[in-house]
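Visitor: Return atomic coordinates for the entry below.
(chains A and B)
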Amino acid sequence: MTVVTRFAPSPTGFLHIGGARTALFSYLYAKRHGGRFLLRIEDTDRERSTQEAVDAIFEGMAWLGLKSDVEPIYQTQRFDRYREVIAQMLAAGTAYRCYCSKEELEQMRNEQIARKEKPRYDGRWRPEPGKRLPPVPEGVQPVVRFRNPADGQVVIPDLIKGEIVFDNAELDDLIIARADGTPTYNFCVVVDDWDMGITHVIRGDDHVNNTPRQINILKALGATPPQYAHVSMILGADGTKLSKRHGALGVMEYRAMGFLPEAMLNYLVRLGWSHGDQELFTRQEMIEKFDFDHVSASPARFDMEKAYWVNHQYLKTAPLDVVVPEFDWHLRRMGLDPAQGPRLEDVILAQRERCRTLLEMAEKSHFFYADLTGYNEKDAAKHLTADAAELLEALASVLAGLPAWTAEALHAAVNGFAESRGLGLGKVAQPIRVAVAGMAVSPPIDQTLALLGRTRTLARLTAAVEHVHGKSRANS
RNA sequence: GCUCCUAUCGUCUAGAGGCCUAGGACGGAGCCCUCUCAAGGCUUAAACCCGGGUUCGAAUCCCGGUAGGAGCGCCA
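Guide: Residues are numbered from 1 along each chain as shown, chains lettered A, B, ... in the order given. Next up is the predicted model:
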């Protein structure tokens, strides 16, 4: 039997981190077993579903490279099918009409809560042999309810949590079609999973309580229930639930923060899943090694520090052709023109060891692509002194005469210059850094100057000298 | 309130009864290296929620507490 999994978000917001991990697990499991991974948009709630959210989900999935094996399915396009199944169930007696008003149900619920009972439908319209049903009220459009088995148990074979057992007595008859005839979530899911031939339902563990109902409907339909894997949620750093106002970010936010998609995937796969002591996995390794035996049943916190570390590992080792486009994206996003400076490949090579994110890399590389807008105050105060100005001026003329503007030549020139003055390299390199980069942090000074080019370097050295002189004039 | 789920360093986790003096990773501390920032190398602190069983032996199995979480909609 081919494995078929699905990711079924409802388009009411962006693709968040928990959803992304669930999608990843579904994707990996399908790929691991040579099966198919499907995407289904659960948009039956037309009030809250938006096209923007659908687009945001597609965008996030595309960025992460989690591709559906078929065209995405929309629940709103399947209403005829749902109606058909409801009619069948009505005819078969596995579903029935209920004429309770919303007010009636609310009163029922309030009374039960007051009695400290679990609120549930009392089955007043449920047909039973020999039972007399209430008279059908005038002008009330009925809902359709599923006739849940009254006794016995439902056993969920959960791949992550083990067997979970529910008593049918705990379950009431849920509404599968509203008064206006539209189907409800738990029912649509069942029909869709059945029609799509889903073999493994992988979803958040907030759905555990829905599962016994869904299994009962499946059985009433004569279908074989799929396997289930309920993935625990991802918590914020403080151990509380992520929410809009509390750190829940869409995956595209992580792009903006400078994450590489593969790094994101790697961090996410290790959140709740493990393969011995291994921390880093290529996509191929994830596919080969992923299994539910090693997925944790308990919730995990999102640890930004570790995510940064993983990202850094990728930044340092990823092939340049995957880093270049993302770096390009960040530079443009900052308003920089990548053509107005050194080749991106060379800058990445020089920077990637010292940057945990692409955003950081872009910020630290700003000076390669645009004029300096000023100096970091503390760095300038420390390194752009009168002594330094004299050094920079002398050095500028040395560099101006350099036959070849290469890292090797610059290395020899700068080192030779420091030596000739009887100074440590730091005494010379730091003022140069501040002069050309505007701050005291940059790649090794020879590389930095090589990347920056002769014209810009000399212009900035001169500007720094003038800056120092200007300041001393102002002070006197 | 009821039902269901969960519980190993600060965090992610390894651990399928003896291999555990509880391992790895992030983060922390210290040292080395060093033109800055990093990277790298070495060292180090840090955990089995509590209580009962079962067993020759329990982080691992069972029961009970406790603590967190989820669900209980004509939402998904």
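Visitor: ok, residue A:58 - contacts?
Guide: Contacts for residue A:58 (Cβ atoms under 8 Å, 6 or more residues apart in numbering) come out as residue A:72. C-beta here means a position set from N, CA and C on the backbone, and glycine is covered the same way.
Visitor: That one: helix or strand, and which one exactly?
Guide: helix A:51-64 (DSSP states H and E).
Visitor: The helix or strand following that helix pairs with which strands, parallel or anti?
Guide: Following helix A:51-64 in sequence order, the next helix or strand is strand A:73-74 (DSSP H and E). Strand pairing for strand A:73-74, using DSSP bridges, gives strand A:36-41 (parallel).
Visitor: Report the mean per-residue pLDDT for the partner strand.
Guide: When pLDDT is averaged over strand A:36-41, the result is 97.
Visitor: Over to stretch A:305-321?
Guide: On average, stretch A:305-321 scores 97.
Visitor: what bridges to residue A:301?
Guide: Beta-bridge partners, per DSSP bridges, of residue A:301: residue A:235.
Visitor: Residue A:212 - that's part of a helix, no?
Guide: Yes. Counting by DSSP: H, G, I helix; E, B strand; the rest coil, residue A:212 is part of a helix.
Visitor: What score does it have for pLDDT?
Guide: In this model, residue A:212 is scored at 96, pLDDT.
Visitor: quick revisit: only alpha carbons, please: show the helix holding residue A:58 as CSV.
Guide: What follows is helix A:51-64, C-alpha atoms only, in CSV (Å, rounded to 0.1, in the frame of the first residue of the first chain):
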residue,chain,number,x,y,z
GLN,A,51,-7.1,34.3,-0.4
GLU,A,52,-4.2,36.2,1.2
ALA,A,53,-3.9,33.4,3.7
VAL,A,54,-4.0,30.8,1.0
ASP,A,55,-1.2,32.6,-0.8
ALA,A,56,0.8,33.0,2.4
ILE,A,57,0.6,29.3,3.0
PHE,A,58,1.7,28.5,-0.6
GLU,A,59,4.5,31.0,-0.3
GLY,A,60,5.7,29.4,3.0
MET,A,61,5.5,25.9,1.6
ALA,A,62,7.3,26.9,-1.5
TRP,A,63,10.1,28.7,0.4
LEU,A,64,10.6,25.6,2.5
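Visitor: Mind jotting down where the helices sit in the stretch 351-476 of chain A?
Guide: Using DSSP state H, counting those that start in this stretch, the helices of the stretch 351-476 of chain A run over residues A:358-364, A:366-369, A:377-383, A:386-400, A:407-420, A:425-437, A:445-452, A:454-475.
Visitor: Oops, could you answer that again for the stretch 1-150 of chain A instead?
Guide: A:17-32, A:51-64, A:79-92, A:102-114.
Visitor: among the ones you listed, which is nearest RNA strand B?
Guide: Minimum separation from RNA strand B across those (Cβ to the nearest atom of the strand) falls at helix A:102-114, 4.6 Å.
Visitor: so what does the closest one touch, helix or strand wise?
Guide: Helices and strands touching helix A:102-114, by 3 or more Cβ pairs under 8 Å, 6 or more residues apart in numbering; DSSP states H and E: there are none.
Visitor: Send me it as PDB with only the CA atoms.
Guide: C-alpha atoms of helix A:102-114 as PDB (Å, rounded to 0.1, in the frame of the first residue of the first chain):
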ATOM      1  CA  LYS A 102     -29.200  27.400  19.100                       C
ATOM      2  CA  GLU A 103     -30.900  28.800  22.200                       C
ATOM      3  CA  GLU A 104     -32.100  25.400  23.300                       C
ATOM      4  CA  LEU A 105     -28.600  24.000  22.900                       C
ATOM      5  CA  GLU A 106     -27.100  26.900  24.700                       C
ATOM      6  CA  GLN A 107     -29.500  26.400  27.600                       C
ATOM      7  CA  MET A 108     -28.600  22.700  27.700                       C
ATOM      8  CA  ARG A 109     -25.000  23.500  27.800                       C
ATOM      9  CA  ASN A 110     -25.300  26.100  30.600                       C
ATOM     10  CA  GLU A 111     -27.300  23.700  32.700                       C
ATOM     11  CA  GLN A 112     -24.700  21.000  32.300                       C
ATOM     12  CA  ILE A 113     -21.900  23.300  33.200                       C
ATOM     13  CA  ALA A 114     -23.800  24.400  36.200                       C
END
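Visitor: ok, back up a step: for the helix holding residue A:58, what is the average pLDDT?
Guide: For helix A:51-64, the mean confidence score works out to 95.
Visitor: Would you check the distance separating that helix from the middle of the chain?
Guide: How far helix A:51-64 lies from its chain's middle: 11 Å, per Cα atoms, centre = their mean, to the nearest Å.
Visitor: Go through it and flag the buried ones.
Guide: For helix A:51-64, the neighbour count (16 or more other Cβ atoms under 10 Å) marks A:53-54, A:56-61, A:63-64 as buried.
Visitor: Equivalent analysis for stretch A:305-325, please.
Guide: A:307-308, A:310-315, A:318, A:323-324.
Visitor: quick one on the thing from earlier: tell me the most buried of the helices of the stretch 1-150 of chain A?
Guide: Here the criterion is mean neighbour count by mean count of other Cβ atoms under 10 Å, and of the helices of the stretch 1-150 of chain A the winner is helix A:17-32, at a mean of 24.
Visitor: picking up where we left off before, could you give the angle of the helix holding residue A:58 to helix A:17-32?
Guide: Put simply, helix A:51-64 runs at 50 degrees to helix A:17-32, going by axes from the mean of the first three to the mean of the last three Cα atoms, to 10 degrees.
Visitor: Show me what the helix or strand residue A:202 falls within is packed up against.
Guide: Element membership for residue A:202 (DSSP H and E) is strand A:200-204. Secondary-structure packing of strand A:200-204 (3+ Cβ pairs under 8 Å, 6+ apart): strand A:4-7, helix A:17-32, strand A:227-231.
Visitor: Return the distance of the last one from the chain's centre.
Guide: This means strand A:227-231. Chain-centre distance of strand A:227-231: 20 Å, with Cα atoms, centre = their mean.
Visitor: How about the first one?
Guide: Once both centres are worked out by Cα atoms, centre = their mean, strand A:4-7 turns out to sit 18 Å from its chain's centre.
Visitor: That strand and RNA strand B, any residue contact?
Guide: No. Strand A:4-7 stays out of contact with RNA strand B when judged by Cβ under 7 Å from any atom of the strand, the minimum separation being 12.2 Å.
Visitor: Kindly report the same for the longest one.
Guide: No. Contact of helix A:17-32 with RNA strand B is not found when judged by Cβ under 7 Å from any atom of the strand; the minimum separation is 9.9 Å.
Visitor: If you compare the directions of that helix and strand A:200-204, what angle comes out?
Guide: Inter-element angle recorded for helix A:17-32 and strand A:200-204: 160 degrees (by the same axes, to 10 degrees).
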